[in-house]
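Novice: based on what follows, work out the 3D shape:
(chains A and B)
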Number of protein chains: 2
Amino acid sequence: MKKKTTIYDIAKELNITVSTVSRALSGFPAISEATREAVIATAKKLNYSPNRLASALKSGKTYIIGVIVPSVQAHFFASIIHSIEEGLKDSGYRVILYQSNESVENEINGVKTLLEAQVDGIIASMSLETEDVSHFAEIIKQNKPLVIFDRVNINLNVPTVTLNDFKAGYMATQYLIEKGYKNIAFITTIHQIKIFSDRLEGYKKALRDNNLAVLEENIILGGLSIKDGRFGASKLMRLQNKPDAIIAGDDFTALGVIKKLKEIDETPPKIGVIGFANEGFSAYITPNLSTIDQHPNQMGSECAKMFLKMIQQENPYQNIQHIVLDPTLVERQSTGSSI
Amino acid sequence: MKKKTTIYDIAKELNITVSTVSRALSGFPAISEATREAVIATAKKLNYSPNRLASALKSGKTYIIGVIVPSVQAHFFASIIHSIEEGLKDSGYRVILYQSNESVENEINGVKTLLEAQVDGIIASMSLETEDVSHFAEIIKQNKPLVIFDRVNINLNVPTVTLNDFKAGYMATQYLIEKGYKNIAFITTIHQIKIFSDRLEGYKKALRDNNLAVLEENIILGGLSIKDGRFGASKLMRLQNKPDAIIAGDDFTALGVIKKLKEIDETPPKIGVIGFANEGFSAYITPNLSTIDQHPNQMGSECAKMFLKMIQQENPYQNIQHIVLDPTLVERQSTGSSI
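Specialist: Presented below is the predicted three-dimensional model:
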């Protein structure tokens, strides 16, 4: 297959800088009309991707899309952003980002800011605080596509891309049972977000299916962070009927659990530990951390596809789809695997 | 001190949702004029921060600022973004983000996108590819503040916030020498970015000041990644005159170095390893990683201050300042410290 023409080829052909080509193609004001015409002619001659050229020339749409995430600091969300960008690249869309920092006030400001910035649509995952979702209604009112991923809210009838979190919770628990652990605890968040309650339900169902008791004292409802993991582990290890395994609501919390267990000489896999999200550090800590992979790349790419489909419809919401991805178990040392 | 009034207090007083208060204050279209007036009156009554109220009411400016970073996946940039947001919060500014993914084409699109989105100014760090900086000139032409941090370019005469990278390179090298290492290698990037060449110069100066030879074979110019670290370490360990310590251009590269050294039974601190950036994982790997802290929080907060100062001046560029921060050494196990 012939290599795709890039803006570098166009620049070389015309003996101008890559900057000039890019700015000419995207209609930057400082470029002269003569240069712009030469660049477009050369782009056509060299078969530069017609999609990108078309989108650069076409008017009306801004070809900007907004993405709202709770935090870019989580590897999970950063990976999703990256795959959304990848998925939209060939269609000429550029992505601007907004962090809610888990605050509903920020999230409301984010929707407003992105709409003011004239985005053609929004892809978002909700903050832990979000209950009232009426700020998202403004996007729908403007007939612009809205796709919600991972953290969804049943009161908002829009397309979604999520993980099967019930299955994720079930899978983590069933795996620990198969590894020989018998008294399994769960540290999770107190917030009423569907993904977290689904995981907890999956945990309970797996225990029941294996004729193990669901013990109130084994479920720690607090926050999700390294600190919360340390705190939860301390609390669990002081129980009379001490758990022999701990499921943590995310990998940061699991890291806190491991640090605490090492300090008190209960280093995993003596006590089994499993997290959620397969963060960047999880393969590198000691013992390295078993976790549930939530496939952020696939999630981001499905969001991009969904958006592109919606933007081509007169009514973006005429056929609302819900895509549910399957989780994958990653076995490592913290549950006794030797990988 | 009396607790600051929040939008929650206003919501409680009026018996409406927090969403409504926030949207009323920020002029969301769906809110009725009566509600908006009630909210503003209550905000004043409860002494809600006059700065925020003023900015919500004041017209003209969009109170949106754009931040361009190479990647949000690096903890360093994610931390800077967070501290920029913190630094601008009380002035009512909202931050939208753009990733260049180390591509100059994306960076050009980023400037264009943010200007189209009517931002009041831009804070940016350049991609590894950026040589021609003319796309940034458009921001200056529009008389909007532009602050460049960390990765600067001498061809662009705008305010900057940087780390003393020469000192950082010198500090890492001097520290290894004091720890007893005698043959110190350096793995860094081939790209001509000032921060990286400054660090390399600092390394060379420290060697010379200690009467140690600067050996060409000890300087690996490639990329910066876990993979590049593994590759560089392999190459260095095959030298006849094997180094006894390795400085890696960033913590990801240092992680690759450590993984390789463990595989060939040269686990640090047997061979000393130090990185740059103090990434989130660096304290948690085994052995944990000595590194140079580049103070992203301070860097972000200085950027925010600089922007706020510039936005208040008729000519933002009337008094161009360059702030240079000092690096800090973080001693951990990979160089033989027991912390």
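Novice: domain parsing of chain A, as residue ranges.
Specialist: Domain ranges of chain A: A:7-50, A:59-162+A:296-324, A:165-295+A:329-335, per automatic domain parsing.
Novice: redo those domains as JSON lines? Include distance to chain B.
Specialist: Yep, even glycine has a C-beta here, placed from its N, CA and C like the rest. Shown next, in JSON lines, are the domains of chain A (distance: least, Cβ to the nearest Cβ, whole Å):
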{"stretch": "domain A:7-50", "distance to chain B": "5"}
{"stretch": "domain A:59-162+A:296-324", "distance to chain B": "3"}
{"stretch": "domain A:165-295+A:329-335", "distance to chain B": "4"}
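Novice: which of these has the lowest average pLDDT?
Specialist: Out of the domains of chain A, domain A:7-50 stands lowest, with a mean of 78 (criterion: mean pLDDT).
Novice: so A:Tyr98 sits right up against B:Ile96, yeah?
Specialist: Yes. With contact defined as Cβ atoms under 8 Å, A:Tyr98 reaches B:Ile96; the gap is 5.8 Å.
Novice: re the thing from before, got the domains of chain A as TSV, with mean neighbour count columns?
Specialist: Compiled in TSV, the domains of chain A are given as follows (neighbours: other Cβ atoms under 10 Å in any protein chain shown):
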stretch	mean neighbour count
domain A:7-50	17
domain A:59-162+A:296-324	20
domain A:165-295+A:329-335	20
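Novice: any idea what A:Val147 is bridged to?
Specialist: Beta bridges link A:Val147 to A:Ile123, judged by DSSP bridges.
Novice: that one against A:Ile140, yeah?
Specialist: No. Here A:Val147 lies out of contact with A:Ile140, judged by Cβ under 8 Å, at a distance of 11.5 Å.
Novice: just give me the residue right at the centre of chain A.
Specialist: A:Phe77 (3.9 Å; Cα atoms, centre = their mean).
Novice: pretty sure it is in a strand, no?
Specialist: No. Counting by DSSP: H, G, I helix; E, B strand; the rest coil, A:Phe77 falls outside a strand, being helix.
Novice: what residues are up against it?
Specialist: A:69-71, A:125, A:296 (Cβ atoms under 8 Å, 6 or more residues apart in numbering or on different chains).
Novice: take these and keep only those in strands.
Specialist: If you go by DSSP state E, those have A:Val69 in strands.
Novice: for A:Asn241, what is the enclosing helix or strand?
Specialist: Of the helices and strands defined by DSSP states H and E, none includes A:Asn241.
Novice: phi, psi for it please.
Specialist: Dihedral pair for A:Asn241: phi -100, psi 80, per degrees, to the nearest 10.
Novice: spatially nearest residue to it, not counting backbone neighbours?
Specialist: Leaving out its chain neighbours, the residue that sits closest to A:Asn241 by Cβ to Cβ, 6 or more residues apart in numbering or on different chains is A:Asn183, at 6.7 Å.
Novice: does that neighbour really touch A:Val214, like I thought?
Specialist: No. Counting by Cβ under 8 Å, A:Val214 is not a contact partner of A:Asn183; they are 11.3 Å apart.
Novice: related to what we said a few turns ago, in a markdown table, list the domains of chain A along with distance to B:Ser225.
Specialist: A markdown table is the format used below for these (distance: least, Cβ to Cβ, whole Å):
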| stretch | distance to B:Ser225 |
| --- | --- |
| domain A:7-50 | 23 |
| domain A:59-162+A:296-324 | 15 |
| domain A:165-295+A:329-335 | 12 |
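Novice: what sits against the spatially closest residue to A:Thr6 that is not a sequence neighbour?
Specialist: Closest residue to A:Thr6 apart from its sequence neighbours, by Cβ to Cβ, 6+ apart: A:Tyr48 at 7.9 Å. By Cβ under 8 Å, 6+ apart, the contact list for A:Tyr48 reads A:5-7, A:9-10.
Novice: what about A:Tyr48, which helix or strand?
Specialist: Here A:Tyr48 is assigned to no helix or strand, by DSSP H and E.
Novice: try A:Ser301
Specialist: Counting by DSSP H and E, A:Ser301 is part of helix A:296-311.
Novice: check A:Gly87 too.
Specialist: In this structure, A:Gly87 is located in helix A:75-89 according to DSSP H and E.
Novice: ok, so of the contacts of A:Phe77, who is nearest B:Ile320?
Specialist: A:Ser71 (33.1 Å; Cβ to Cβ).
Novice: gap between the closest one and A:Glu217?
Specialist: Distance, A:Ser71 to A:Glu217, by Cβ to Cβ, to the nearest Å: 31 Å.
Novice: same question for A:Pro296.
Specialist: 33 Å.
Novice: before we move on, back to that, out of the domains of chain A, nearest to B:Ile31?
Specialist: Nearest of the domains of chain A (Cβ to Cβ): domain A:59-162+A:296-324, 10.5 Å.
Novice: helices of the stretch 201-339 of chain A, start to end?
Specialist: For the stretch 201-339 of chain A, the helices defined by DSSP state H, counting those that start in this stretch cover A:226-237, A:251-263, A:296-311.
Novice: okay, these in CSV with distance to A:Asn210 next?
Specialist: Formatted as CSV, these follow (distance: least, Cβ to Cβ, whole Å):
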stretch, distance to A:Asn210
helix A:226-237, 20
helix A:251-263, 22
helix A:296-311, 30
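Novice: nearest to B:Asn157, of those helices?
Specialist: The nearest among the helices of the stretch 201-339 of chain A, by Cβ to Cβ, is helix A:296-311 at 38.3 Å.
Novice: can you give me the offset of the closest one from its chain's centre?
Specialist: Centre-to-centre, helix A:296-311 and its host chain are 12 Å apart (Cα atoms, centre = their mean, to the nearest Å).
Novice: and what of stretch A:176-188?
Specialist: Between the centre of stretch A:176-188 and the centre of its chain there are 26 Å (Cα atoms, centre = their mean).
Novice: okay, that stretch in CSV with CA atoms only?
Specialist: Backbone C-alpha positions of stretch A:176-188 (Å, rounded to 0.1, in the frame of the first residue of the first chain) are rendered in CSV as follows:
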residue,chain,number,x,y,z
LEU,A,176,-10.2,-14.6,44.3
ILE,A,177,-12.4,-17.5,45.4
GLU,A,178,-10.9,-19.7,42.8
LYS,A,179,-7.4,-18.7,44.1
GLY,A,180,-8.5,-20.1,47.5
TYR,A,181,-9.4,-16.9,49.3
LYS,A,182,-12.5,-17.4,51.5
ASN,A,183,-13.2,-14.1,53.4
ILE,A,184,-13.2,-11.3,50.8
ALA,A,185,-13.6,-7.6,51.7
PHE,A,186,-14.5,-4.7,49.4
ILE,A,187,-13.4,-1.1,49.8
THR,A,188,-15.4,1.3,47.7
